[in-house]
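Q: build me a structure from this.
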Amino acid sequence: MKEVEEVEILEEYTPTELSEKLNINPSTLRKYSGMIDEQNGEPFFKRDNKNGRKYDKEAADILERVISLKKSPDINLESSIDLVLNEYKQENQALGTQYDIAEKTPKTDEIKLLHNKIDFIANQLQKLIEQNDQLIKDNQEMKLALEQPEEEPFSDSEPIEEKQTFFTRLFKKK
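A: Purely as a prediction, here's the structure:
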């Protein structure tokens, strides 16, 4: 008796077929696919020999999840793509299929570079805090100066002599 081998049927969709399945325009599918590729940092979807995207069941599920998250009022398109990509990566890491252990291990040089960047940013932040504190102090001093009544330059006890013009001195009555 022949044993029947279980064969998984790989469904592949063209962009038109998938856009109809997801009930979106083909241009919207291209936009979402391009954003997923961009946020992933490398092409996420397979390509055919004419460089057109090919979508399998997994890609269709991912796009469907992005669309459903996007409909939520609190999540925009970029955030929904980030969430779905992170979910996808976590699932694949758990399965151990996508990432190599060497890629997971950070390199010493990269760690040192990141530490240097953190130190630089911390120093810049400290300088900004000091500048901010000085500005607050200056602002308070200026506020106090504006709140105090102005002192008159001359006191009332000393009479102010009226300035005499040439004609008043010339025709002054004696």
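Q: which residues of the chain fall in helices?
A: Counting by DSSP state H, one finds helices in the chain at the ranges 15-22, 26-40, 57-70, 77-95, 101-104, 108-147, 166-170.
Q: between those, which one is closest to D48.
A: Taking C-beta to C-beta as the criterion, D48 comes closest to helix 15-22 out of the helices of the chain, the separation being 10.6 Å. Heads up, the C-betas are built off the backbone N, CA and C, glycines and all.
Q: could you pull out the buried residues of the closest one?
A: Residues of helix 15-22 classed as buried by neighbour count (16 or more other C-beta atoms under 10 Å): 15, 18-19, 22.
Q: about what we covered before: which one of the helices of the chain has the lowest average pLDDT?
A: Least confident of these, judged by mean pLDDT, is helix 101-104 with a mean of 47.
Q: tell me how far stretch 13-25 lies from the chain's centre.
A: 31 Å (C-alpha atoms, centre = their mean, to the nearest Å).
Q: let me fix that: stretch 79-92
A: Using C-alpha atoms, centre = their mean, the mean C-alpha position of stretch 79-92 is found 18 Å from that of the whole chain.
Q: returning to what we had before: make TSV out of the helices of the chain and add distance to D48.
A: As requested, the helices of the chain are arranged in TSV below (distance: least, C-beta to C-beta, whole Å):
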stretch	distance to D48
helix 15-22	11
helix 26-40	14
helix 57-70	13
helix 77-95	22
helix 101-104	27
helix 108-147	36
helix 166-170	102
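Q: these: which one's closest to K46?
A: For the helices of the chain, distance to K46 was read as C-beta to C-beta. The smallest value, 7.8 Å, belongs to helix 57-70.
Q: report the longest strand in this structure, please.
A: Criterion DSSP state E: the longest strand present in the chain is strand 53-56.
Q: extract the C-alpha set from it and format it as PDB.
A: Included here for strand 53-56 are C-alpha records, laid out as PDB according to Å, rounded to 0.1, in the frame of the first residue of the first chain:
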ATOM      1  CA  ARG A  53       6.500  41.100  -5.600                       C
ATOM      2  CA  LYS A  54       5.100  37.600  -4.900                       C
ATOM      3  CA  TYR A  55       3.000  37.100  -1.800                       C
ATOM      4  CA  ASP A  56       2.700  33.800   0.000                       C
END
